[in-house]
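Colleague: I would like the atomic coordinates for the input below:
(one chain, ligands or ions: 1)
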Amino acid sequence: MGNYNNMAFLVLALVGFMFLSKANGAIHYYYFHLQETNFTKVCSTKSILTVNGTFPGPTITVNKGDTAFINVHNQGYYGLTVHWHGVKNPRNPWSDGPENITQCPIQPGTSFTYEVIFSNEEGTLWWHAHSDWTRATVHGAIVILPATGTTYPFATPDAQETVILGSWFKGDVMEILEEALAEGGDPNVSDAFTINGQPGALYSCSNGTTYRWLVDYGKTYLLRVINAVMNEEQFFGIANHTLTVVAQDASYIKPLTTSYIMITPGQTMDILVTANQPPSQYYMASHAFMDGINVSHHNGTTTAIVQYNGNYSTPSNISLPTLPAEANSTAADNFIKQIRALASKEHPIDVPLKIHSRMFIAVAVNERICANSSCQGPDNNALSASLNNISFVTPSVDVLQAYYQYVQFFSSIKQLLVILIFYYDGYFCHFNNDSCKCYYFYC
Ligand SMILES: [Cu+2]
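Modeller: Prediction:
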């Protein structure tokens, strides 16, 4: 009997612990309906895959320590997954989202519910589709506010704003990638950069739809900038306004005052901006940082308007920020090397100092020999990415499940680890994703 009592106590204690650990943060529910939606930009109309019909998609807002359940229903034409970029999701890799790595694609007509567990992240992250180039149109912001009862490590801003930098292609993004893989060369460059989905006044047919951010004179704003551009790093700034960067990738940094930032695809930055200039209209702008020689890229500039509330005559010429030139690597370096973790008592950075093993990883773009020299890459061969000279072939079972089940379809555990740790946004995945089979353990 004593044993039964002990067992009952243990079960109750375990249930209580699970309840308490879940009760730390609030629970949020979101519904993502993946659907084709028509948009007209830079003088042409096309259908893109969206979440709930918007570009960019909806914002997920939580407090630090909360959990979000996101039910993704795919009503599009092809299978895909959604990745919660930068969310550590502790002990819950089944909801991370990279296609063929932690799950098979969510096939058209089916649904999958992600359980996204926020732990020590605080600031801004983003979510995006993680299947070939679907992330070009399927993405949105994740805003992680301080935990209930805590506050920012700086004076609480008067208000907040989110800016998502994006790419716009006149063609179908999946076809552009398919064509590049088939021909072996670089994919087509985009036709515009966008701020919150709008190319802005410097592009054709775009003047009337420029994004506007309304501000009040004297207020300080927390501006959350997300680089969802497909392939180019970006310089970004606001005319006449100083930027104070306070966080990067949902981690606080020592406040950094600058007139411009350089932000890479996938990165986020939280920036304090005080509206302290004469009430008027000012451009925020973004263009590529590209110091590679002969690397094809889009060289336009996207703009949005910072518009002060109040009575004043609209300027005939709105000021543009002075951004570093596209190839100015010194300007990029000068910005990056100032970034330091906040590393305060409330926001510590525990960098592991004891190294147990060292890994040597070679990231490379190779030439794959092309029959009859008929490809469009260098030497008429095909471009092909690798890690330590190993490419990625779409598996028949997703890698995490295979790891979980100890299926031995990789030649060595070392090879598996390299692929698990260094996947990057599906870049190494091949186009055919129909063969992956799914047996989810966490549904
Ligand atoms: Cu990502």
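
Colleague: now the strands for the stretch 51-200 of the chain?
Modeller: Here the stretch 51-200 of the chain has its strands, by DSSP state E, counting those that start in this stretch, at 60-63, 67-74, 82-85, 111-117, 123-129, 139-145, 159-168, 192-195.

Colleague: how about the residues of the protein near the ion?
Modeller: Within the chain, the positions near the ion by C-beta under 5 Å from the ion are 83, 85. For glycine as for every other residue, the C-beta is placed from the backbone atoms N, C-alpha and C.

Colleague: hmm, try it at 8 Å
Modeller: Within the chain, the positions adjacent to the ion are 83, 85-86, 98, 126, 128, 130, 135, 266, 425 by C-beta under 8 Å from the ion.

Colleague: Closest to the ion out of those residues?
Modeller: Closest approach to the ion among the residues of the chain next to the ion (C-beta to the ion): residue 85, at 3.5 Å.

Colleague: Distance check, the closest one against residue 206.
Modeller: 27 Å (C-beta to C-beta, to the nearest Å).

Colleague: Can you tell me which of the residues of the chain next to the ion has the largest number of neighbours?
Modeller: residue 126 (30 neighbours; other C-beta atoms under 10 Å).

Colleague: Test my guess that it contacts residue 85.
Modeller: Yes: in this structure residue 126 lies within contact range of residue 85 using C-beta atoms under 8 Å: 5.2 Å.

Colleague: Next, residue 329: phi, psi?
Modeller: Main-chain dihedrals, residue 329, degrees, to the nearest 10: phi -70, psi -30.

Colleague: what's the helix or strand for the closest residue to it other than its chain neighbours?
Modeller: Of all residues not flanking residue 329 in the chain, residue 291 sits nearest, at 4.3 Å (C-beta to C-beta, 6 or more residues apart in numbering). Using DSSP states H and E, residue 291 sits within no helix or strand.

Colleague: what's the spacing between residue 291 and residue 72?
Modeller: Residue 291 sits 38 Å away from residue 72 when distances are taken as C-beta to C-beta.

Colleague: When the two are compared, which one has more neighbours?
Modeller: residue 72 (23 against 13).

Colleague: could you measure the more buried one against residue 200, distance?
Modeller: Residue 72 sits 30 Å away from residue 200, going by C-beta to C-beta.

Colleague: Next: residue 76.
Modeller: Remark: distance between residue 76 and residue 200 (C-beta to C-beta) = 28 Å.

Colleague: Compare those two (neighbour count), which wins?
Modeller: residue 200 (25 against 21).

Colleague: Just to check, the more buried one is in contact with residue 304?
Modeller: Yes: applying C-beta under 8 Å as the test, residue 200 and residue 304 come out as touching, 5.9 Å apart.

Colleague: For those two, list the residues in contact with both.
Modeller: Taking C-beta atoms under 8 Å, 6 or more residues apart in numbering as the criterion, residue 200 and residue 304 both touch 210-211, 283, 285.

Colleague: Would you mind checking which of those is nearest to the ion?
Modeller: Ranked by distance to the ion (C-beta to the ion), the shared contacts of residue 200 and residue 304 are led by residue 211 at 23.2 Å.
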